[in-house]
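Enquirer: need coordinates for the following:
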Amino acid sequence: MNEEKQDLSNNNKIQKRPISILLVSLLGGVFLLFLLLSIFAADNHLFYTFLFLTFFTPILFIISLVLLLINKRKNKRRTNYFIISTAVLAVLLIISPVITSLNEDTYAMANINFKQKRYESAIEEYQRVINESEDKDKIIDSENKVQEAEAYIKEAEGYVAKGNDYLSNDQFDEALTEYEKAYEIYPYLSGLKEKISSVRQEKNKQEVAEAEAEKKEKINSTLEEGENLYKNKEYKKSLEKFNEVLGIDSKNKEANEKVQEIENVLSEVETIIASGDSLFKDKQFEEALNKYQDAESLYPYHSEIESKILQTQSKIDEEIKLAEKSEGKFSFDEYIEKSKVREYKIVEEEDISIKALGDKLFSEYTAEEIDRLPINKRMKYSITVPRDITEEELKSTLSQIIKEKSTENLEIDEIVVFAWYFKESVGQTAAMGKAEWCPNGEWGGLSPEIAENDIRDSYKIIFSIDIQIYEDEVKYGLTESERMKAFYDLVELQDSIPIDDPEWAEKNDEAYTIIAKNYGITRDQMFKIGIEGITKGWPMPEL
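Expert: Predicted coordinates for the structure are as follows:
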């Protein structure tokens, strides 16, 4: 009974693994076939090996992997067997080219080596063919190939010898050329690759050294050029040279320092020129010229400085000529003290020209004589000045205005200037100062000869000054500025009352009460402020 169970169990095991047994047998048979073909099929072993590698081996390898995975957990012993068989196939796949090469024909290998320029290996194999082969054609061909190979080797060695000579003299380019010729003929010549690599390294070192030397020489020569330009004050050209150096070596200390120095100088020059431009605009030509000359001394090669100096000098020359022509023998020096000229503002300018009658009356001229008379060019200027101006300051200020206007226009024959404290007072109240510039100090006494020939030797400036000293004293609890504002408000309120209003007088009188109340003072005090405003010529609203 037990024996029957045992037999049944064995039969079941056999039935469970027929595929595995079949495949293992197939693997063994194919492997054996491969060995037989490799050993005995001398003429076709390359074909069979190729067929085995490209077709059978991958299939067998896949089958082995599948069997390995199927039996991995079912039967450890069988798993180990399949691991071994898979490993054997993998090893065969890797070493099969070696096995193939070992079995290749010597003559064929010699030809392959010859084509690949492995001449020494080819010579050895051709010699083996010459010594061992019975094929006369192969022997003859092998002898010819040996001679060719030896000739190539000799030619390559000749190029190497030339390269060695060049190398001994550090002629790397020439040496490399000869070595590359040898490499082209026989790349497997012993030590040739190392020589080429070594020469290339030396050549690179030489090129780097030459580049560094050239760079250093370029930097030094450019620095020298920049320094010479700098000493000659040609700053912008010098700056270009130093920036060129920094383009090569951005950390060059000398170039960086010089660039900073030049930029500082150029900045200073531009500041001075800007100051000169401002003075020129204000017609202070002599001061502007001094600035431009200062800038020129720092940087004489500035693109605009020369033209600015010429333009300013031309203006100065014009002023001198105008002054000479305008003044004749007349001088403003006795009338003007520059330190006493105060600020002023021209409020009105009026041309009041007439015919130059001289001492004769208008009625004494015929119509034709009047037509021939020259024009007495007369100008009237109304100005405002500071309230704290003194009499001497006012005279110098009025004289300065006359000098400027007569110099600007040489056609002007007579000038009168009126001065007020307030713009609103111009033409409304008497001027607190007046100056007339005319022949012999007589306004309207210009003769035709003087008008026609611009003769100025008899000219004088006549002043009429009535300075009123203003003190910002407090009255009625109000400062002068506050009283001025109250006066202005009073006049504005009174002007708003229609003149044809039947109650005009009562409303005009009532305005004092209204404004007084606004400023916290009495009506009587407001009335006194009104009188003070009229007396002092305080500003009033325009009608």
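
Enquirer: all strands of this protein, in order?
Expert: Counting by DSSP state E, one finds strands in the chain at the ranges 345-351, 354-355, 375-376, 378-384, 414-420, 433-439, 459-465.

Enquirer: Serialize these to JSON lines and add fields for distance to Ala156, mean neighbour count and mean pLDDT.
Expert: For every residue, glycine as well, the C-beta is placed using N, CA and C. Output for the strands of the chain, formatted as JSON lines (distance: least, CB to CB, whole Å; neighbours: other CB atoms under 10 Å; pLDDT from 0 to 100):
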{"stretch": "strand 345-351", "distance to Ala156": "103", "mean neighbour count": "12", "mean pLDDT": "91"}
{"stretch": "strand 354-355", "distance to Ala156": "118", "mean neighbour count": "16", "mean pLDDT": "79"}
{"stretch": "strand 375-376", "distance to Ala156": "112", "mean neighbour count": "19", "mean pLDDT": "80"}
{"stretch": "strand 378-384", "distance to Ala156": "108", "mean neighbour count": "19", "mean pLDDT": "92"}
{"stretch": "strand 414-420", "distance to Ala156": "110", "mean neighbour count": "23", "mean pLDDT": "90"}
{"stretch": "strand 433-439", "distance to Ala156": "111", "mean neighbour count": "22", "mean pLDDT": "90"}
{"stretch": "strand 459-465", "distance to Ala156": "113", "mean neighbour count": "17", "mean pLDDT": "90"}
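
Enquirer: would CSV of these with distance to Ala149 be doable?
Expert: Formatted as CSV, the strands of the chain follow (distance: least, CB to CB, whole Å):
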stretch, distance to Ala149
strand 345-351, 112
strand 354-355, 127
strand 375-376, 121
strand 378-384, 117
strand 414-420, 119
strand 433-439, 121
strand 459-465, 122
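
Enquirer: quick one: closest of those to Asp501.
Expert: strand 414-420 (32.0 Å; CB to CB).

Enquirer: where does the stretch 101-250 of the chain have low pLDDT?
Expert: For the stretch 101-250 of the chain, the stretches flagged by pLDDT under 70 are 101-104.

Enquirer: which positions in stretch 491-506 come out as buried?
Expert: Val491, Leu493, Gln494, Ile497 (16 or more other CB atoms under 10 Å).

Enquirer: for stretch 118-133, that is, sorry about that
Expert: Arg118, Tyr119, Ser121, Ala122, Ile123, Glu125, Tyr126, Val129, Ser133.

Enquirer: check stretch 238-255 too.
Expert: The neighbour-count criterion (16+ other CB under 10 Å) identifies Ser238, Leu239, Lys241, Phe242, Glu244, Val245, Leu246, Asn252, Ala255 as the buried residues of stretch 238-255.

Enquirer: next one: stretch 268-280
Expert: Result for stretch 268-280 [16+ other CB under 10 Å]: buried residues Val269, Ile272, Ile273, Ser275, Gly276, Asp277, Leu279, Phe280.

Enquirer: for Lys434, state which of those is nearest.
Expert: Distances from Lys434 to the buried residues of stretch 268-280, taken by CB to CB, are shortest for Leu279, at 31.8 Å.

Enquirer: show me what contacts the closest one?
Expert: Applying CB atoms under 8 Å, 6 or more residues apart in numbering to Leu279 gives the contacts Phe285, Glu287, Ala288, Lys291.

Enquirer: just Asp466 next, same as before
Expert: Going by CB under 8 Å, 6+ apart, the list of residues near Asp466 reads Ala430, Ala431, Met432, Gly433.

Enquirer: the second one: how many residues sit nearby?
Expert: Just to be clear, that refers to Ala431. By other CB atoms under 10 Å, 19 other residues sit near Ala431.

Enquirer: start the count at 33 instead of 1 going forward.
Expert: Shifting the count to begin at 33 puts that one at Ala463.

Enquirer: how close does it sit to Val373?
Expert: 19 Å (CB to CB, to the nearest Å).

Enquirer: still on that earlier bit, and the furthest pair within the contacts of Asp498?
Expert: Ala462 and Gly465 (10.2 Å).

Enquirer: and the helices in the stretch 83-232 of the chain?
Expert: In the stretch 83-232 of the chain, the helices defined using DSSP state H, counting those that start in this stretch lie at 89-102, 108-135, 138-147, 151-164, 168-200, 204-217, 224-263.

Enquirer: same question for the stretch 233-382 of the chain.
Expert: Under DSSP H, counting those that start in this stretch, the stretch 233-382 of the chain gives helices at 267-280, 285-313, 317-330, 337-359.

Enquirer: which one of the ones you listed lies nearest to Ile386?
Expert: helix 337-359 (20.4 Å).

Enquirer: these two touch, right, Glu210 and Tyr191?
Expert: Yes. With contact defined as CB atoms under 8 Å, Glu210 reaches Tyr191; the gap is 4.7 Å.

Enquirer: a markdown table for the buried residues of stretch 300-312, including distance to Asn485 and pLDDT?
Expert: Below are the buried residues of stretch 300-312 laid out as a markdown table (distance: CB to CB, whole Å; pLDDT from 0 to 100):
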| residue | distance to Asn485 | pLDDT |
| --- | --- | --- |
| Val301 | 47 | 90 |
| Ile304 | 44 | 93 |
| Ile305 | 42 | 93 |
| Ser307 | 41 | 92 |
| Gly308 | 38 | 90 |
| Asp309 | 38 | 93 |
| Leu311 | 35 | 90 |
| Phe312 | 33 | 89 |
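
Enquirer: before we move on, the earlier item: tabulate the helices of the stretch 233-382 of the chain in JSON lines, adding columns for distance to Ser222.
Expert: Listed next are the helices of the stretch 233-382 of the chain as JSON lines, based on distance: least, CB to CB, whole Å:
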{"stretch": "helix 267-280", "distance to Ser222": "45"}
{"stretch": "helix 285-313", "distance to Ser222": "52"}
{"stretch": "helix 317-330", "distance to Ser222": "73"}
{"stretch": "helix 337-359", "distance to Ser222": "76"}
